[in-house]
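**Student:** After the sequence you'll find the predicted model.
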Amino acid sequence: MAKEIIQVKNLKVHYPIRSGFWNRITDYVRAVDDVSITINEGETYGLIGESGSGKSTTGKAIVGVEPVTSGQIIYQDVDITKSSNRRKLDYNKDVQMIFQDSLSSLNPRKRIEDIIAEPIRNFEKLTTDQERDRVQELLDIVGMPSDSIYKYPHEFSGGQRQRIGVARAVATNPRLIVADEPTSALDLSVQAQVLNFMKHIQQQYNIAYLFISHDLGVVKHMSENLAIMHRGRLVEIGSREDIYKHPMHIYTKRLLSAIPLVDVEHREEHKQNREKVEQEFQNDQSKWYDKDGRVFPLQEVSGKHLVALPEDEVKRAELNEKGSD
Ligand SMILES: Nc1ncnc2c1ncn2[C@@H]1O[C@H](COP(=O)(O)OP(=O)(O)OP(=O)(O)O)[C@@H](O)[C@H]1O
């Protein structure tokens with residue numbers, strides 16, 4: 001059975017909204033609202049949703065750079081939302097992050113050698129030669145030439161910088177990498193290259209990824225399990241098969257219908273399906289949101305397939321699914 005590496009339980013990250021003369025808190029942005037996911041060792045877990053749905057905030061909370069309002073993040077049986085626990089467990093070494101915008105996440109004034117060596121220096125005492133060897137080895141792993149160490153981030157293409165970002169994240173031998181839209185700034189052909197070598201590195205070093213994306217198409221061949229996020233909450237959780245073959249929440253269906261189709265023959269069918277999903281979504285919003293406009297709590301469909309619908313809607317959707325098989 002797959003071994004869990006991290007368990008996120010009922011995570012909430014709320015930001016206060018202040019207004020008026022006294023600058024009082026009048027409401028909260030519920031950026032992350034009761035999110036629970038479990039990531040297994042060595043797997044890719046996809047966290048998918050549109051812009052503003054709360055994916056990055058979830059990722060940053062897991063890495064420990066975003067304070068948590070409530071909930072737990074369990075790593076090696078310990079709740080790491082407390083920073084003292086993160087230090088005790090070497091959590092900051094074991095869990096790393098890769099960002100979407102490699103140009104702003106890599107310090108433009110530092111050479112690649114220092115950028116990659118920085119996380120190593122935080123956790124290990126190496127001589128200059130040992131450190132250089134390690135940086136060279138990491139550059140080799142991500143397929144970058146060894147003279148890259150003398151250069152600066154702006155001297156590379158987006159895809160190359162993303163490789164450098166991966167080398168930096170891998171430098172501490174992490175067990176989990178939170179990859180926040182690592183390919184969305186890249187051309188399609190370069191995206192595929194970066195995804196391939198991320199997969200390769202994962203297999204070689206048994207690293208788990210929390211792969212954050214707005215595009216279900218990007219993670220299709222990467223993720224074993226997925227969680228779909230909308231308005232700070234999860235609307236659907238399931239295996240790749242559950243999500244791509246039997247999506248149940250309208251929001252998941254909309255994300256799927258938005259994946260561009262390469263196959264020309266089925267384009268018309270795809271377009272019609274997209275219109276049908278949109279119509280279904282517009283028809284009765286009370287099916288999808290409660291009276292406050294919030295997503296319903298998750299209900300079990302089968303095994304690990306969960307969907308945020310009222311109980312009678314889950315039943316109806318299941319019957320429809322069976323009927324259309
Ligand atoms: N520091 C902050 N203070 C107030 N609100 C914030 C803060 N950070 C994020 N938010 C809000 O929380 C919500 C979720 O943001 P988040 O960046 O997690 O979404 P996202 O799904 O990752 O979107 P994107 O892909 O555009 O980054 C948004 O409404 C955002 O405006």
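**Tutor:** All right, it came through fine.

**Student:** Confirm Ser39 sits in a strand?
**Tutor:** Heads up, residue 39 is Ile, not Ser. Yes: residue state for Ile39 (DSSP: H, G, I helix; E, B strand; the rest coil) corresponds to a strand.

**Student:** okay but it is in contact with Gly46, surely?
**Tutor:** No: between Ile39 and Gly46 there is no contact under Cβ atoms under 8 Å: 10.5 Å. C-beta here means a position set from N, CA and C on the backbone, and glycine is covered the same way.

**Student:** Convert the C-alpha atoms of stretch 87-103 to PDB, please.
**Tutor:** Extracted in PDB, the C-alpha atoms of stretch 87-103 (Å, rounded to 0.1, in the frame of the first residue of the first chain):
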ATOM      1  CA  ARG A  87      12.900  23.000  12.500                       C
ATOM      2  CA  LYS A  88      13.000  19.800  14.600                       C
ATOM      3  CA  LEU A  89      12.100  17.600  11.600                       C
ATOM      4  CA  ASP A  90      14.300  19.200   9.000                       C
ATOM      5  CA  TYR A  91      11.100  19.900   7.200                       C
ATOM      6  CA  ASN A  92      12.500  22.900   5.400                       C
ATOM      7  CA  LYS A  93      15.100  20.600   3.800                       C
ATOM      8  CA  ASP A  94      12.600  17.800   3.000                       C
ATOM      9  CA  VAL A  95      10.000  20.000   1.400                       C
ATOM     10  CA  GLN A  96      10.900  22.500  -1.400                       C
ATOM     11  CA  MET A  97       9.000  24.600  -3.900                       C
ATOM     12  CA  ILE A  98       9.300  25.500  -7.600                       C
ATOM     13  CA  PHE A  99       7.600  28.600  -8.800                       C
ATOM     14  CA  GLN A 100       5.900  29.600 -12.000                       C
ATOM     15  CA  ASP A 101       7.900  32.700 -12.700                       C
ATOM     16  CA  SER A 102      11.500  31.500 -12.800                       C
ATOM     17  CA  LEU A 103      12.800  35.000 -13.700                       C
END
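
**Student:** Phi and psi next, for the residue of the stretch 201-325 of the chain found nearest the ligand.
**Tutor:** For the stretch 201-325 of the chain, the residue closest to the ligand is His214, as judged by Cβ to the nearest ligand atom, at 5.8 Å. Note on His214: backbone dihedrals following degrees, to the nearest 10 are phi -90, psi 0.

**Student:** how many other residues sit next to the closest residue to it other than its chain neighbours?
**Tutor:** Residue nearest to His214 in three dimensions, not counting chain neighbours: Glu50, with 5.7 Å by Cβ to Cβ, 6 or more residues apart in numbering. Neighbour count of Glu50, defined by other Cβ atoms under 10 Å: 15.

**Student:** quick one: contacts for the nearest residue to Val219 once chain neighbours are set aside?
**Tutor:** Leaving aside its sequence neighbours, Val219 sits nearest to Gly46 (Cβ to Cβ, 6+ apart; 4.0 Å). Listed by Cβ atoms under 8 Å, 6 or more residues apart in numbering, the contact set of Gly46 reads Phe211, Ser213, Leu216, Val219, Met222, Ser223, Asn225, Leu226, Ala227.

**Student:** Now name the helix or strand holding the nearest residue to Thr183 once chain neighbours are set aside.
**Tutor:** Distances taken as Cβ to Cβ, 6+ apart place Gln191 nearest to Thr183, at 4.1 Å, with adjacent residues excluded. Element membership for Gln191, per DSSP states H and E: helix 188-205.

**Student:** After that helix, which helix or strand is next? Please name it.
**Tutor:** Heading C-terminal from helix 188-205 (DSSP H and E), you reach strand 208-213.

**Student:** Run a quick check on His249 versus Glu313, I expect a contact.
**Tutor:** No: using Cβ under 8 Å, His249 makes no contact with Glu313, being 9.5 Å away.

**Student:** Show me which of the two is the more surrounded one.
**Tutor:** Neighbours per residue, other Cβ under 10 Å: of His249 and Glu313, the larger number sits with His249, 26 against 19.

**Student:** check contacts around the more buried one.
**Tutor:** With Cβ under 8 Å, 6+ apart, His249 has these contacts: Ile228, Val235, Glu236, Trp288, Val307, Ala308, Leu309.

**Student:** With distance to the ligand, neighbour count and pLDDT as added columns, please give those residues in JSON lines.
**Tutor:** Putting those into JSON lines (distance: Cβ to the nearest ligand atom, whole Å; neighbours: other Cβ atoms under 10 Å; pLDDT from 0 to 100) gives the following:
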{"residue": "Ile228", "distance to the ligand": "11", "neighbour count": "25", "pLDDT": "97"}
{"residue": "Val235", "distance to the ligand": "13", "neighbour count": "26", "pLDDT": "97"}
{"residue": "Glu236", "distance to the ligand": "16", "neighbour count": "28", "pLDDT": "97"}
{"residue": "Trp288", "distance to the ligand": "18", "neighbour count": "20", "pLDDT": "91"}
{"residue": "Val307", "distance to the ligand": "20", "neighbour count": "25", "pLDDT": "95"}
{"residue": "Ala308", "distance to the ligand": "16", "neighbour count": "26", "pLDDT": "95"}
{"residue": "Leu309", "distance to the ligand": "21", "neighbour count": "24", "pLDDT": "91"}
